[in-house]
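In: Structure, please.
(chains A and B)
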Protein chains: 2
Amino acid sequence: MFKVSVVQFKPELFEIEKNVNKVMKIIEGVDSNFIVFPELAFTGYAFSSKKEVEETYESPLDGIGYAFKTFKEFSKDTGVSVVYGFNEKYEGKYYNSSILIKSDGTYKIYRKTHLFFREKLFFTPGDTGFWVDNINGINVGVAICFDWYFPESFRTLALLGADLILHPANLVLPYCQEANKIRSLENKIYIATSNIWGTQINGEIEYSFTGKSQVTSPDGEVLFRLPEQGDFIQTAEIDERKSQNKRINEYNDLFQDRKPKYYFHS
Amino acid sequence: MFKVSVVQFKPELFEIEKNVNKVMKIIEGVDSNFIVFPELAFTGYAFSSKKEVEETYESPLDGIGYAFKTFKEFSKDTGVSVVYGFNEKYEGKYYNSSILIKSDGTYKIYRKTHLFFREKLFFTPGDTGFWVDNINGINVGVAICFDWYFPESFRTLALLGADLILHPANLVLPYCQEANKIRSLENKIYIATSNIWGTQINGEIEYSFTGKSQVTSPDGEVLFRLPEQGDFIQTAEIDERKSQNKRINEYNDLFQDRKPKYYFHS
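Out: Numbers count the residues shown, from 1 in each chain, chains lettered A, B, ... in the order given. As a prediction, the model looks like this:
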């Protein structure tokens, strides 16, 4: 049994240090194994120019980034693994990425595969693909926001063996929270979605986020769902035996019953 | 613009002629292009022995089957295409199949890819794979009941170009009706699910079906949903321009945005 905590908050645009310091208070003393923050958690989401992207990146490989340094320290001190979304600079390109920082200070980066809307103007499509890592006995994978729309994303993570998908998000469409019940059900997997709330305005750019961060279970149930608005942290229990067993009755196993030979593969 | 009608009813177990004659009254005079009946519509579903399967098959290739003869006549007379589920005998094997009968009297068979529960005792897994056929300008595909659970099924039909999935079902789990909103949304496609209602008892075998037959739209909306119980026919309009356009905003096209290179393919 493991615990996953989801943080929902409202960042101030481009105020990285202020936002990080704010959430550090929210997570203080939390009893958990994994903490999930939103997509582009500490920069905010409403980029309107490439210049703004260039001024707010992190580059963990080069040790650059206030959020990276803070959470690396936090993970080492507390033994809690952390995932958060950030604007990553790597080899001269900018990615909408998430970093999973483990308690030993090592980390792994996922770059968003399916870019949404104006992200295509500022970010390079992810080149990491999906991966799964074992952390103290639980297999975790990472997906970012709009990835949920493509059933192949979570299916891929589940087939790679994930028990739990950490899902940083900045949701503006109304569908994901209900859809992830089905994504959990069809893959018999836990999904922890951390979302932003409130509105971000940047010149003519305006986004309203849907809150309702949640954790869904391998039975397709919502273990908890936060309100549409407000800063929160909430924790759910993960029973990895539930996600590792893909059997749904004595005759059907969701993965053994797949028939790849009849599926469209390109 | 096309019309698809869904028939929901309660068959009597193994009373094929009685069941066919009953639904012929339900569909009399309907103004539609496609009529969808449930899975194993006229035999009923609660098979308890191979003997019962051997006694109730149809074999369209050999011209055998009261339902087949009746609906072939109906389609030729009315110009309405019909799909219904049946117990198919083919080359000595029994399949949980659906037949799509077109107004010119030709037909195409789909054999259920993903068998559910005790079906595995009586039926051979389908060997047709998924296919799409163009009928008077609309691309239709067929899936049967439990196929819905596997996102690859409807994804495959959508990528093959289907506008509309005809989905005969005998649903006993509570999930499909809500899940198909997401299946429609993720594929931007229409899905017409025809379900049984009521209970079927056969010795120690007992199934209760969930009714709530429905049509969902490319926007993920329920165009109509029938009650849990009762015989009904209801019709929805299909606007194939909505399913043929996979764009969801000026930057995102659901199919062009797929990244097969990062998906799990076996």
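
In: Up against chain B, what does the stretch 151-266 of chain A have?
Out: A:151-152, A:155-156, A:159-160, A:175, A:178-179, A:181-182, A:185-186, A:220, A:249, A:251-252, A:254, A:257-266 (CB under 8 Å from any CB of the partner chain). From N, CA and C alone the C-beta is placed, and that goes for glycine too.

In: Would you mind listing which of these are buried?
Out: Among those, the ones that count as buried by 16 or more other CB atoms under 10 Å in any protein chain shown are A:151-152, A:155-156, A:159, A:175, A:178-179, A:181-182, A:185-186, A:220, A:252, A:254, A:257-259, A:262-263.

In: Provide a list of residues in contact with whichever residue of the stretch 51-200 of chain A sits closest to chain B.
Out: Residue nearest to chain B within the stretch 51-200 of chain A (CB to the nearest CB): A:P151, separated by 3.7 Å. Counting by CB atoms under 8 Å, 6 or more residues apart in numbering or on different chains, A:P151 touches A:183, A:186, B:151-152, B:155, B:186.

In: Looking at those residues, spot the one nearest A:P11.
Out: A:R183 (25.6 Å; CB to CB).

In: Report the angle between whichever helix or strand that closest one is part of and helix B:176-187.
Out: Per DSSP states H and E: A:R183 is located in helix A:176-187. Per axes from the mean of the first three to the mean of the last three CA atoms, to 10 degrees, the angle that helix A:176-187 makes with helix B:176-187 is 110 degrees.

In: Which parts of the stretch 101-250 of chain A are strands?
Out: For the stretch 101-250 of chain A, the strands defined by DSSP state E, counting those that start in this stretch cover A:107-111, A:132-135, A:138-142, A:164-168, A:190-194, A:197-202, A:205-210, A:214-216, A:222-225, A:232-238.

In: TSV for those strands, including mean pLDDT?
Out: Listed next are these as TSV, based on pLDDT from 0 to 100:
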stretch	mean pLDDT
strand A:107-111	98
strand A:132-135	96
strand A:138-142	97
strand A:164-168	98
strand A:190-194	98
strand A:197-202	98
strand A:205-210	98
strand A:214-216	98
strand A:222-225	98
strand A:232-238	98
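
In: related to what we said a few turns ago, filter the residues of the stretch 151-266 of chain A next to chain B down to the ones in helices?
Out: Mapping those onto helices (DSSP state H) picks out A:151-152, A:155-156, A:159, A:178-179, A:181-182, A:185-186.

In: Nearest to A:V142 among those residues?
Out: A:T156 (11.8 Å).

In: What sits closest to that closest one if chain neighbours are left out?
Out: Excluding the flanking residues, the one nearest A:T156 by CB to CB, 6 or more residues apart in numbering or on different chains is B:F264, at 4.2 Å.

In: and the one you found, what does it touch?
Out: With CB under 8 Å, 6+ apart, B:F264 has these contacts: A:152, A:155-156, A:159-160.

In: Redo the residues you listed as TSV? Include pLDDT.
Out: Compiled in TSV, the contacts of B:F264 are given as follows (pLDDT from 0 to 100):
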residue	pLDDT
A:E152	98
A:R155	98
A:T156	98
A:L159	98
A:L160	98
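
In: Could you pull up the residues touching A:S32?
Out: Counting by CB under 8 Å, 6+ apart, A:S32 makes contact with A:3-5, A:80, A:235.

In: again, 6 Å this time
Out: Counting by CB atoms under 6 Å, 6 or more residues apart in numbering or on different chains, A:S32 makes contact with A:3, A:5, A:80, A:235.

In: That one and A:Y262: what is the separation?
Out: 41 Å (CB to CB, to the nearest Å).

In: before we move on, what about A:A162?
Out: Per CB to CB, A:A162 is found 24 Å from A:Y262.

In: was I right about A:L160 contacting A:V132?
Out: Yes: at 4.3 Å, A:L160 counts as touching A:V132 under the criterion of CB atoms under 6 Å.

In: Now do the shared contacts for these two.
Out: Common neighbours of A:L160 and A:V132 (CB under 6 Å, 6+ apart) do not exist.

In: So, low pLDDT: which residues of chain A?
Out: Across chain A, nothing is flagged by pLDDT under 70.

In: quick one on the thing from earlier: could you flag which of the contacts of A:S32 are buried?
Out: A:5, A:80, A:235.

In: Which residues are in contact with the last one?
Out: For A:T235, the residues meeting the contact criterion (CB under 6 Å, 6+ apart) are A:3, A:5, A:32.

In: would you turn those residues into a markdown table with secondary structure and distance to B:G65?
Out: Converted to a markdown table, the contacts of A:T235 look like this (DSSP: H, G, I helix; E, B strand; the rest coil; distance: CB to CB, whole Å):
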| residue | secondary structure | distance to B:G65 |
| --- | --- | --- |
| A:K3 | strand | 57 |
| A:S5 | strand | 58 |
| A:S32 | coil | 60 |
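
In: Just put the residues you listed in JSON lines and tack on distance to B:T106.
Out: Shown next, in JSON lines, are the contacts of A:T235 (distance: CB to CB, whole Å):
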{"residue": "A:K3", "distance to B:T106": "59"}
{"residue": "A:S5", "distance to B:T106": "59"}
{"residue": "A:S32", "distance to B:T106": "61"}
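
In: and of the residues you listed, the nearest to B:K18?
Out: Using CB to CB, the contacts of A:T235 come closest to B:K18 at A:K3, 57.1 Å.

In: Report the beta-bridge partners for that closest one.
Out: Assessed by DSSP bridges, A:K3 has beta-bridge partners A:E237.

In: My read is that it contacts A:I35, right?
Out: No: look at A:K3 against A:I35 with CB under 6 Å: they stay out of range, at 9.6 Å.

In: Any idea how many residues pack against A:E54?
Out: Neighbourhood size, A:E54 [other CB atoms under 10 Å in any protein chain shown]: 12.

In: so the closest residue to it other than its chain neighbours is in which element?
Out: The shortest distance from A:E54 to any non-neighbouring residue, by CB to CB, 6+ apart, is to A:Y94 (7.5 Å). Per DSSP H and E, A:Y94 falls inside strand A:93-101.

In: which helices and strands sit right next to that strand?
Out: helix A:66-78, strand A:81-90, strand A:107-111 (3 or more CB pairs under 6 Å, 6 or more residues apart in numbering or on different chains; DSSP states H and E).

In: Pick the most buried one from these.
Out: Sort these by mean neighbour count, taking mean count of other CB atoms under 10 Å in any protein chain shown, and strand A:81-90 sits at the top with a mean of 26.

In: Just want the angle from it to strand A:164-168.
Out: 50 degrees.

In: ok and strand A:81-90 relative to strand A:138-142, angle-wise?
Out: Going by the same axes, to 10 degrees, strand A:81-90 makes 30 degrees with strand A:138-142.
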